[in-house]
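**Student:** Compute the structure for the input listed below.
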Amino acid sequence: DLMILYLHDNSFTGQLPLNLGNLAMMDNIDISANKLSGKLPASLSKLQMLEYLNLSRNTFDGHIPEQLDHMLNLDTIDLSHNKFSGEIPKSLEKLQHIQVLDLSFNLLEGEIPRGGKFANLSVESFLGNHALCGAPKFHVPLCLDKTKRQSKSHVARIIAAWAIGGSALLVIVCALIGISCYRKRELSKRPDDIERLRGITLPMISYRELLHATSNFSDANFLGRGSFGSVFKGILTDGTTVAVKVLNLLFEGASKSFDIECTVMCQIRHRNLVKVITSCSSGDFKALVLQYKPLGSLEVCLHSSDYHLNLFQRLDIMIDVACALEYLHHGYSDTIVHCDLKPSNVLLDENMTAYVSDFGIAKILVGQNSSTLTATLGTTGYIAP
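**Tutor:** Modelled structure (predicted):
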C-alpha cells in the first residue's frame with residue numbers, strides 16, 4: 001500500500017478524492033502549494049496511520065472536519081493559507097502527539113481551544129485569522145460569552161445597515177482630532193525630554209551570530225529586497241525573531257545608507273516606527289537587525305489574495321503612518337524627512353498596526369540647513385512633485 005504521497009509545488013486543480021481515506025497505510029501527505037479547492041472529505045479521518053499532513057497554500061474552504069481527532073498518530077498538521085472558515089474544532093484537543101498545528105491565514109473565527117496541545121502552541125499558529133479570540137498569549141481579543149457575542153453581533157449588523165457612511169465619516173473626524181491632540185502633546189514636551197540624534201551608538205552583533213540566526217542567509221529565510229540590499233528572517237540566541245537587513249556595499253550609497261539609518265532609527269522613539277535592535281559592521285559587511293513584523297509590508301497586503309483589508313483597517317493604517325510622520329516632522333528636536341514613503345516601506349504586525357521603516361535616504365533638517373544621506377531622491381511614483 002502507498003505510504004508517502006508528495007505532490008507539493010505543482011498546479012493541480014479540483015478537489016481531494018472522496019476515497020482518499022482508503023489508503024489505510026498512508027503516513028505522510030504533502031500536497032501543498034497547488035490550486036486545489038473545495039471541502040475536505042470526511043474520509044480523510046480514516047487515515048489512522050497518518051503522521052504528517054500538509055495541505056497549505058491551496059484554496060480549500062468550508063469547516064475543518066471534526067473527525068480529524070480520529071487520526072491519533074498525527075504530529076504535524078499544516079492547513080495555512082487556505083480559506084477555511086468557522087470555528088476551530090475542540091475535538092483537536094484529543095490529538096496527543098501533535099507538535100505542529102499551523103492554521104494561519106484562513107477565515108477562522110470563535111475561540112481558540114485551550115486544552116490538549118493547544119497550550120503549547122504560539123501566536124504563529126493563528127496569524128491572519130482576524131475573527132479569532134482566546135488567550136492573551138495568542139495576541140487575539142478575549143472571548144465574550146455566547147449570549148454577549150450574539151447580542152453584540154446583532155447590534156453590529158443593525159448599525160452597519162444604516163450607518164456605514166456616517167461611521168466612516170465619524171472615524172475620520174475622530175482620527176484628525178486624535179492626531180491634532182497627539183501633536184499638541186508632543187510639542188508641549190520640555191526640551192530636556194526630547195531625545196537627541198547625537199552621541200548614541202547601537203550595540204553590536206557578530207557576523208557569525210547573524211549566520212547562525214539566518215541559517216547562513218538561506219533562501220528559506222529570505223523576506224525581500226530593497227534599494228540597498230536584502231532582508232532575511234532570523235532568530236537570535238535568546239529566541240527573539242528579527243529581520244536582518246544586509247547592505248550590498250557594491251551599490252553606490254549603500255554604506256552611507258547604513259550610517260544614516262543607524263543614526264536616525266536607533267535614536268527616534270515612536271510606536272509606529274520600526275526599531276533597530278542591533279547592528280553588525282566590518283570592512284566588507286554591514287547589516288541592521290530590526291524588529292520583525294510577521295505580516296510583512298503594506299504593499300504585500302494590498303496586492304495579495306491572502307489579505308482583505310476592510311475600511312476600518314485601512315483607516316487605522318493611514319492614521320498610524322500619519323502619526324509617525326507627524327512625529328518625524330514636528331515632534332522631534334530636529335525635523336526628519338523620510339524621502340521614500342511608499343507601501344513597501346510600511347510594515348504590519350499581527351494586530352495590523354503599521355510601522356514606517358527604511359530611513360536609508362532620510363534627510364535631517366537642522367535649523368535652516370539640511371543633512372542629506374545621498375543624492376537619491378526616492379522611488380519613482382512616490383517622489384514629491
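**Student:** When you work out contacts or count neighbours from here on, use the C-alpha atoms and nothing else.
**Tutor:** Noted.
**Student:** Next one: residue 304 relative to residue 66, how far apart?
**Tutor:** 30 Å (CA to CA, to the nearest Å).
**Student:** residue ranges of the strands in the stretch 201-350 of the chain, please?
**Tutor:** Using DSSP state E, counting those that start in this stretch, the strands of the stretch 201-350 of the chain run over 222-225, 229-235, 241-247, 276-281, 286-291, 335-337, 346-348.
**Student:** quick one, helices of the protein?
**Tutor:** With helices called from DSSP state H, the chain shows them at 146-187, 207-213, 254-265, 298-303, 311-330.
**Student:** Please parse this structure into its domains.
**Tutor:** 4-143, 147-188, 193-372 (automatic domain parsing).
**Student:** where among the ones you listed is the average confidence lowest?
**Tutor:** For the domains of the chain, mean pLDDT drops lowest on domain 147-188, to a mean of 63.
**Student:** could you list every residue that touches the most centrally placed residue in the chain?
**Tutor:** Centre of the chain computed as the mean C-alpha position; nearest residue by CA atoms, centre = their mean is residue 295, 1.7 Å away. Neighbour list for residue 295: 301, 347, 348, 349, 350, 352 [criterion: CA atoms under 8 Å, 6 or more residues apart in numbering].
**Student:** how close does it sit to residue 285?
**Tutor:** 28 Å.
**Student:** again with residue 49
**Tutor:** For residue 49, the distance to residue 285 - CA to CA - is 49 Å.
**Student:** before we move on, what about residue 208?
**Tutor:** 12 Å.
**Student:** Tell me which of the two has more neighbours.
**Tutor:** residue 285 (13 against 9; other CA atoms under 10 Å).
**Student:** so what's the closest residue to residue 216 other than its chain neighbours up against?
**Tutor:** Spatial nearest neighbour of residue 216, chain neighbours left out: residue 210 (7.8 Å); criterion: CA to CA, 6 or more residues apart in numbering. Counting by CA under 8 Å, 6+ apart, residue 210 touches 216, 234, 236, 244.
**Student:** which residues does residue 47 contact?
**Tutor:** 21, 22, 23, 24, 25, 26, 27, 71.
**Student:** With residue 75 instead?
**Tutor:** Neighbouring residues of residue 75 by CA under 8 Å, 6+ apart: 51, 52, 97, 98, 99, 100.
**Student:** could you flag which of the residues you listed are buried?
**Tutor:** Buried members of the contacts of residue 75, scored by 16 or more other CA atoms under 10 Å, are 51, 52, 98, 100.
**Student:** Any idea how many residues pack against the closest residue in space to the last one that isn't next to it in sequence?
**Tutor:** Spatial nearest neighbour of residue 100, excluding adjacent residues (CA to CA, 6+ apart): residue 76 at 4.6 Å. Taking other CA under 10 Å as the criterion, the count of residues near residue 76 is 18.
**Student:** shouldn't residue 76 be in contact with residue 53?
**Tutor:** Yes - the criterion here is CA atoms under 8 Å, and residue 76 meets it with residue 53 at 6.1 Å.
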